[in-house]
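> pasting the sequence and the predicted coordinates here, then a few questions.
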Amino acid sequence: MTDIARRTENLTAALRRAGVRITRQREALVSVLAEAADHPEATELLRRAEAVVPGISLSTVYRTLTELEAQGMIMRHQFEGAPARFEHAETQHHDHMIDVDTGAVVEFASAQIEKLQAEIAEAMGYEIVHHRLELYVRKKSAAHPQD
């Protein structure tokens, strides 16, 4: 079974467990969500799902996303100054860089950053329960040599 097929099955099962009716529109939404390798906004998911099955409403998209988030199947990211974006919850822990010029979201993981965060928390008498790191970035270019 492919990762996409497994994700589709898991997302559908989560909706069924929550008592959500699986319509053709929700099947299309679950399919495009399972295939998403990026961090799409709800309106982008709507556009992708409508290309498969016309007639899906934005309210259906939001209700479905809200239920999948409540079930722990997806994560909602609210990056500064932008609509919420969504990604699969099954991914390994990672942090995000958000390009302030393009809105692109780049995932990264750094053992050094994780270690430093744990050391800082420990030195202050805490342990990390949960965290996320967002870096707002701009590509270096000739126009911004010092950025």
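Arrived safely, thanks for sending.

> output the contacting helices and strands for the helix or strand hosting M97.
Assigned by DSSP states H and E, M97 falls within strand 95-99. Packing partners of strand 95-99 (3 or more CB pairs under 8 Å, 6 or more residues apart in numbering; DSSP states H and E): strand 105-108, strand 134-137. (Each C-beta comes from the backbone N, C-alpha and C, glycine too.)

> middle-most residue in this protein, spatially?
The centre of the chain sits closest to E87, judged by CA atoms, centre = their mean, with a distance of 2.2 Å.

> what number of residues lie near the closest residue to V30 other than its chain neighbours?
Distance criterion CB to CB, 6 or more residues apart in numbering; nearest residue to V30, sequence neighbours excluded, is L11 at 4.7 Å. When neighbours are defined as other CB atoms under 10 Å, L11 has 23 of them.

> quick check: beta-bridge partners of E134?
For E134, the beta-bridge partners are H96 (DSSP bridges).
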